[in-house]
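Student: Sequence and predicted structure are below.
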Amino acid sequence: MLLGDAIALMLTGLINFGVVLPGAIGAACLALSWRWEAVAQWRTASVRHRWIWRAGWTAFAVWLMTVAVFFYFIHRGIAESAPKAMPAKAIIILGSGTPHCIASPTLRARLDEGTALARQWPAAWVVVSGGRDFLRQCREADIMGDYLTAHGLAPDRLIREDRSTSTEENLRFSRGLLENKGVSAADPLVLVTSDFHLMRAKRIAQKVGLGAVVGAAAPTPHYLRYNAWLREYFAFISGWALGEI
C-alpha cells in the first residue's frame with residue numbers, strides 16, 4: 001500500500017520526501033518479506049545480531065511515535081483561520097509547487113482561500129509568493145497571479161514575488177515588496193498557506209519580522225494529507241536545524 005501510494009503520486013508529478021519515504025518503507029517491507037528466511041537466520045545467528053534487530057525496530061517505533069505527536073499538533077492547529085473583523089492591509093499567499101507548470105490541488109486550495117479573503121478585504125494588497133520550480137522554467141508567482149486574476153481579482157491589487165525558493169525567502173522577499181507599497185511589518189497581515197504548513201510558516205514569519213501576521217489555513221486534499229504532513233515533519237526539523245524557526 002505504501003509503495004503503491006508513492007508510485008501513484010509520483011506519476012502525477014508529485015515527487016518530494018513525504019512521497020518518496022513511504023514508498024521506500026513499503027519497498028523495504030516487501031524486500032524483508034521476500035528474504036525473510038535469510039533474515040531470520042541472520043537474526044538468530046548471535047546475541048549481537050538479536051540486539052541489532054531489536055534496536056532497529058525500537059528506533060523505528062520511537063520515530064513513528066514522534067511522527068504521531070507531530071501529526072497531533074498539526075491536527076490541533078488545522079481549525080485556525082483569520083479573524084473576520086481584522087482590517088488586513090495585505091494577504092500573503094505562499095506557493096506550494098507547480099508540477100507540469102500548472103497549479104496543484106494544494107496550491108489551488110491556497111489560492112481559493114486567498115480569493116475569499118481578498119473579497120472580504122477589498123482594500124488589501126494580495127501577494128503571491130513563489131519562484132521557479134526545480135528543473136522548470138515557469139514561476140509559481142506567475143501561475144498564482146494568473147489564477148487569481150482569472151477568478152476576478154483586480155490586477156492592480158496583485159504583487160508578484162517570483163524569486164523565492166523557500167518559505168523563509170517567501171516571507172522575507174514579500175516583506176520587502178510590501179514595504180515598497182507602504183505596508184510595514186507592524187501592519188496587520190494575513191498569511192495563507194496549507195493547514196499542515198501553517199505552524200512552521202507563522203514561526204518563520206515572526207523570525208523575519210512579520211510580528212502582526214495571522215494565519216489562514218487552506219485545506220489539504222485528503223489523498224495528499226498524510227504525505228504532506230510527513231514531508232512537513234522533516235521540513236520542520238530542517239527549519240529548526242538551519243535556524244529558520
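Tutor: Received the coordinates, thanks.

Student: Could you use CA atoms for every contact and neighbour count after this?
Tutor: Noted.

Student: Now do the same contact list for residue 228.
Tutor: When contacts are counted by CA atoms under 8 Å, 6 or more residues apart in numbering, residue 228 touches 18-19, 196.

Student: do the same with residue 153
Tutor: So residue 153 contacts 115, 118 (CA under 8 Å, 6+ apart).

Student: let's go with 6 Å and repeat that
Tutor: By CA atoms under 6 Å, 6 or more residues apart in numbering, residue 153 lies in contact with nothing.

Student: ok, and the closest non-adjacent residue to residue 179?
Tutor: residue 185 (7.5 Å; CA to CA, 6 or more residues apart in numbering).

Student: Secondary structure class of the one you found, three-state.
Tutor: coil (DSSP: H, G, I helix; E, B strand; the rest coil).

Student: Pull up the gap between it and residue 236, please.
Tutor: 24 Å (CA to CA, to the nearest Å).

Student: Quick check on the contacts of residue 228: which are buried?
Tutor: 18-19, 196 (16 or more other CA atoms under 10 Å).

Student: tell me which element residue 174 is part of?
Tutor: helix 167-180 (DSSP states H and E).

Student: what are the phi and psi values for the spatially most central residue of the chain?
Tutor: Relative to the mean C-alpha position of the chain, the nearest C-alpha, by CA atoms, centre = their mean, is the one of residue 197, at 4.5 Å. Residue 197 has phi and psi values of phi -90, psi -10 when expressed as degrees, to the nearest 10.

Student: per-residue confidence at it?
Tutor: What the model reports as pLDDT for residue 197 is 90.

Student: same thing with residue 55?
Tutor: Model confidence at residue 55 (pLDDT) stands at 95.

Student: Wait, a strand at it?
Tutor: No. Looking at residue 55 with three-state DSSP, it is helix, so not inside a strand.

Student: Tell me, how many residues neighbour it?
Tutor: 12 (other CA atoms under 10 Å).

Student: And the contacts of the helix holding residue 174?
Tutor: 129, 164, 208.

Student: List just the nearest of those residues to residue 107.
Tutor: Proximity of the contacts of helix 167-180 to residue 107 (CA to CA) peaks at residue 129, which lies at 11.3 Å.

Student: what about the residue nearest to residue 179, how many residues close to it?
Tutor: Neighbours of residue 185 (other CA under 10 Å): 19.

Student: can I assume residue 215 is in contact with residue 191?
Tutor: Yes. The pair residue 215 / residue 191 is scored as a contact, 4.8 Å apart, by CA atoms under 6 Å.
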